[in-house]
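Undergrad: Below are the sequence and a predicted model for it; my questions follow.
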Amino acid sequence: MKAELTFLVVENAPDVCDGIIRRMAPHTQWQSLGYSVSVKDALSKIFEHRPNLLFLDWGLSGGSAFEIMQNIQNMDNYNPYIIFNTGFQKDNPEIPQEIINHYQVDKYLIKPIWETLNQHLSQYLLEAEEKAALQQNDTKKIWLDESSGKKILVDLDKLICICQHPTEARQRIFFFQDDYKEINVALQWQKCYELLNRFAIDYFVTKTRGHLICKKFIAVYERPFVRLKSFPAKIEVVKESIKQFENWLVNSHNFSLG
């Protein structure tokens, strides 16, 4: 975990900001990054400091919390603990639905928030510290844009393979270890390679613009087919790539090719 845990208050009412910061003061393991009343200032501080904890109000100068959360989802290796709050739920009943369907928040509070924070802030901070600790040990979590428009937090360390969608030319299917999870993503193949390279995922393109496999999930190689852990189908290594693949396999896995 970081030696210092940081939090930022994003709230359009300065008196509410002061009240939150005052309640955080006894929790000396947390360092305040101050507060922001506008979307622009909040995003600037988030991009620069990547706080572990956000107190996030819905209504802000220059926009709303939705813009903040959208930008957070587009940041690699960043998944802060978010305490979302609003006083506008009655007049804007769509807010909870938007939050639940499209964004990741850890707590959803209705104003006034003081009684809730007085009772539960310590528990929230324990959860935030646990989340920060997990992220320090797991740096390969990113948000993927599913073809349906939904964003999904995935762990690239659990990526088994990527395959071309059988009917949608612009879509790739990302297969993950957890429950044989499939995610359809409109991402060009070159962008897939760049993504895996950025996170140091060891992979091999078994068929150009067709499929690739990740090193850690190789179970058996029976020329020209590869069987992967937690994946039901065989994947073929195309003829022109077999020699290169076998060299990579031996060097990467200490496999013995008989």
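TA: On my side now, so go ahead. Residues are numbered from 1 along each chain as shown.
Undergrad: Helix or strand with the lowest mean pLDDT in the chain?
TA: When the helices and strands of the chain are scored by mean pLDDT, DSSP states H and E, helix 94-102 comes last with a mean of 59.
Undergrad: Okay, now the sheet partners of the helix or strand following that helix, with direction.
TA: Sequence-wise, the next helix or strand beyond helix 94-102 is strand 107-110, with elements assigned using DSSP states H and E. Pairing partners of strand 107-110, with direction, according to DSSP bridges: strand 81-86 (parallel).
Undergrad: Export the partner strand to PDB, keeping only CA atoms.
TA: Taking C-alpha atoms only, strand 81-86 is exported to PDB below (Å, rounded to 0.1, in the frame of the first residue of the first chain):
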ATOM      1  CA  TYR A  81     -13.200   4.200  -3.500                       C
ATOM      2  CA  ILE A  82     -16.100   6.600  -4.300                       C
ATOM      3  CA  ILE A  83     -18.600   7.900  -1.800                       C
ATOM      4  CA  PHE A  84     -21.200   9.400  -4.000                       C
ATOM      5  CA  ASN A  85     -23.800  11.700  -2.600                       C
ATOM      6  CA  THR A  86     -26.700  13.800  -4.000                       C
END
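Undergrad: Just the mean pLDDT for it, thanks.
TA: Strand 81-86 shows a mean pLDDT of 90 in the predicted model.
Undergrad: what packs against the helix or strand L54 falls within?
TA: Element membership of L54 [criterion: DSSP H and E] is strand 53-57. In this structure, strand 53-57 makes packing contacts with strand 5-10, helix 65-73, strand 81-86, judged by 3 or more CB pairs under 8 Å, 6 or more residues apart in numbering; DSSP states H and E. (C-beta placed from N, C-alpha, C; glycine too.)
Undergrad: Mean neighbour count added to those, as a markdown table?
TA: Formatted as a markdown table, the helices and strands packed on strand 53-57 follow (neighbours: other CB atoms under 10 Å):
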| stretch | mean neighbour count |
| --- | --- |
| strand 5-10 | 23 |
| helix 65-73 | 19 |
| strand 81-86 | 24 |
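Undergrad: for those, which one sits closest to F174?
TA: Closest of the helices and strands packed on strand 53-57 to F174 is helix 65-73, at 16.5 Å (criterion: CB to CB).
Undergrad: what's the closest non-adjacent residue to H211?
TA: Closest residue to H211 in three dimensions, ignoring its sequence neighbours and counting by CB to CB, 6 or more residues apart in numbering: C163, at 4.4 Å.
Undergrad: Residue ranges of each domain in this structure, please.
TA: 5-136, 142-253 (automatic domain parsing).
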